[in-house]
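A.B. asks: Make a model of this:
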Amino acid sequence: MFNPAAEAMPTPELQAHQLAHLQATVQRLHGRVPAYRAKFAGAGVAPADLRTLDDLGRFPFTRKEDLREQYPFGLLSVPRSELRRIHASSGTSGKATVVGYDAHDLELFAEVVARSLYAAGARPGMLFHNAYGYGLFTGGLGTHAGAERLGLGVVPVSGGNTAKQVELIEDFEPEVIACTPSYALVLAEALKKRGHTPGTISLKYAVLGAEPWSEAMRREVEAGLGLKATNIYGLSEIIGPGISNEDVQAQHGSHLWEDHFYPEIVDPQTGDSLPEGEPGVLVLTSMTRTAMPLLRYWTGDITRLLPPSGGRTVRRMDMIQGRSDDMIVLRGVNVYPSQIEAALSAVEGLSPHYLLVRTRSGMLDELGLRVESARQDAALRAEVVRVIKERVGVTVSCELCGLGSLPRSEGGKLRRVQDLRGER
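C.D. replies: Sure thing, here's the model as predicted:
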């Protein structure tokens, strides 16, 4: 462990720590952020109502719309003069969501990323190839600072320019890489074309995140690059990457740094709390941030909480099944892209690159699948349709595409669903 005192804190001590910091956060938001004071009044709650951890469920959720309504700095709890960094989303569906950090927040950010990288297998003195995008996206700068905190040498490559990435991996021989899982597959393909096999690649550990992925994709990445891949989870509204990370030995569930981020799992429709082990929407409170803490932030990510393991006392979160807003409802069945991906891994002869296309025929939605394969025969198409029906419970149409024909990641998030229901 990078920080055993925090990662293995006795459970009663951890819960007392959480309650004290949640109470302080609620007081801070009520006293310094008018928008939160109005939300509390509208929900009929006050800071004094938070007496136990269970009482947190009485307080309102914070959603992405709240950040857009308060654009750019309406949710800050410090003067703007105290900001030391600003990150923001792309704003592709309206105003960008802006997140501010003061000096304390940047120290916290580096600490939790350092914990995550250590859990992923990184050790001081290793070289870190950072292929997350630098700029307003939190991935590049966030993982960079955490890597330096851990004592890694950082190669700040950023995203894209795959030929240059391959050249630097060949020349610098880094042991650790961070990127999206879909871009890790792109790099594996590019290295293979250069004549590399897993045994000739220096990389030992991959820290992958920023998009949902599956065990099937993990196997593809590990086989292609000859390394161990772990999942890092984060979102800019809470802090960025480093909210949780898998342990490289177990590779089962990402350890949540619960001394800083309080997790809940709630029903996607009702918002009611769900018990440990039940899947639902992950809700997070950033209870130790000072510039812009968020209370009960609705992440939209579908996952479940798992008990502690491996000597740590913090809980784990499972792989993200998908996003609640990416969920496809087809003939009454809820479908996530990760379920389709897992089903495809059971069919021989397919590449890991696929695209789901939503269309509408009359009053009913249809789901089409485009997947790459060297084979283009009816028997393989029928097998794909059969396996998805058997494992996911929905009927899709299947189009087999030539290798290399579907979009590839250039370092950023890769969208797996194309919605054409508005087109004729």
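
A.B. asks: what are the ranges of the strands in the stretch 201-350 of the chain?
C.D. replies: 205-208, 228-235, 240-246, 254-256, 261-266, 280-286, 297-303, 305-306, 316-317, 322-323, 328-330, 333-335, 350-361 (DSSP state E, counting those that start in this stretch).

A.B. asks: Among those, which comes closest to Ala216?
C.D. replies: The closest of these to Ala216 is strand 350-361. By C-beta to C-beta, the value is 7.0 Å. All C-beta atoms are positioned from the backbone trio N, CA, C, and that covers glycine.

A.B. asks: partner strands of the closest one, parallel or antiparallel?
C.D. replies: strand 364-373 (antiparallel), strand 417-419 (parallel) (DSSP bridges).

A.B. asks: Could you export those strands as JSON lines, including mean neighbour count?
C.D. replies: Shown next, in JSON lines, are these (neighbours: other C-beta atoms under 10 Å):
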{"stretch": "strand 364-373", "mean neighbour count": "17"}
{"stretch": "strand 417-419", "mean neighbour count": "15"}
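
A.B. asks: can I get those strands in JSON lines with mean pLDDT and distance to Glu111?
C.D. replies: Shown next, in JSON lines, are the strands paired with strand 350-361 (pLDDT from 0 to 100; distance: least, C-beta to C-beta, whole Å):
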{"stretch": "strand 364-373", "mean pLDDT": "90", "distance to Glu111": "41"}
{"stretch": "strand 417-419", "mean pLDDT": "84", "distance to Glu111": "35"}
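
A.B. asks: Any idea which of those gets closest to Asp54?
C.D. replies: strand 417-419 (36.7 Å).

A.B. asks: returning to that earlier point: out of the strands of the stretch 201-350 of the chain, nearest to Leu403?
C.D. replies: strand 350-361 (6.0 Å).

A.B. asks: quick one, domains of the protein?
C.D. replies: Following automatic domain parsing, one finds the domains of the chain at 1-325, 328-419.

A.B. asks: which regions of the stretch 201-350 of the chain sit below the pLDDT cut-off?
C.D. replies: Residues of the stretch 201-350 of the chain meeting the criterion pLDDT under 70: 324-327, 332.

A.B. asks: Name the stretch among the domains of the chain that sits most buried.
C.D. replies: domain 1-325 (a mean of 19; mean count of other C-beta atoms under 10 Å).

A.B. asks: separation between Gly226 and Phe172?
C.D. replies: 17 Å (C-beta to C-beta, to the nearest Å).

A.B. asks: Repeat that for Pro352.
C.D. replies: Taking C-beta to C-beta, one finds Pro352 at 27 Å from Phe172.

A.B. asks: Could you check the pLDDT of the nearest residue to Met1 once chain neighbours are set aside?
C.D. replies: Of all residues not flanking Met1 in the chain, Glu7 sits nearest, at 4.6 Å (C-beta to C-beta, 6 or more residues apart in numbering). If you check Glu7, the pLDDT there is 98.

A.B. asks: Isn't Glu7 up against Val112?
C.D. replies: No: with contacts counted by C-beta atoms under 8 Å, Glu7 stays clear of Val112, the gap being 10.6 Å.

A.B. asks: in the stretch 1-150 of the chain, which ranges drop under the pLDDT threshold?
C.D. replies: 90-94.

A.B. asks: Now do the helices in it.
C.D. replies: Assigned by DSSP state H, counting those that start in this stretch, the stretch 1-150 of the chain shows helices spanning 4-7, 11-32, 34-43, 64-69, 103-119, 138-150.

A.B. asks: right, and the ones you listed - which one's nearest Ile232?
C.D. replies: helix 103-119 (5.3 Å).

A.B. asks: Just the CA trace of the closest one, in PDB.
C.D. replies: What follows is helix 103-119, C-alpha atoms only, in PDB (Å, rounded to 0.1, in the frame of the first residue of the first chain):
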ATOM      1  CA  ALA A 103      -3.700  24.200  -3.300                       C
ATOM      2  CA  HIS A 104      -5.200  21.700  -0.800                       C
ATOM      3  CA  ASP A 105      -7.200  20.000  -3.600                       C
ATOM      4  CA  LEU A 106      -4.200  19.600  -5.800                       C
ATOM      5  CA  GLU A 107      -2.300  18.000  -2.900                       C
ATOM      6  CA  LEU A 108      -5.200  15.600  -2.400                       C
ATOM      7  CA  PHE A 109      -5.400  14.900  -6.100                       C
ATOM      8  CA  ALA A 110      -1.700  13.900  -6.200                       C
ATOM      9  CA  GLU A 111      -2.100  11.700  -3.100                       C
ATOM     10  CA  VAL A 112      -5.000   9.600  -4.400                       C
ATOM     11  CA  VAL A 113      -3.500   9.100  -7.800                       C
ATOM     12  CA  ALA A 114      -0.200   8.000  -6.200                       C
ATOM     13  CA  ARG A 115      -2.200   5.400  -4.200                       C
ATOM     14  CA  SER A 116      -3.900   4.300  -7.400                       C
ATOM     15  CA  LEU A 117      -0.700   3.900  -9.400                       C
ATOM     16  CA  TYR A 118       1.000   2.000  -6.500                       C
ATOM     17  CA  ALA A 119      -2.000  -0.400  -6.400                       C
END
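
A.B. asks: between that helix and strand 280-286, how big is the angle?
C.D. replies: 130 degrees (axes from the mean of the first three to the mean of the last three C-alpha atoms, to 10 degrees).

A.B. asks: list the helices and strands helix 103-119 packs on?
C.D. replies: helix 138-150, strand 240-246 (3 or more C-beta pairs under 8 Å, 6 or more residues apart in numbering; DSSP states H and E).
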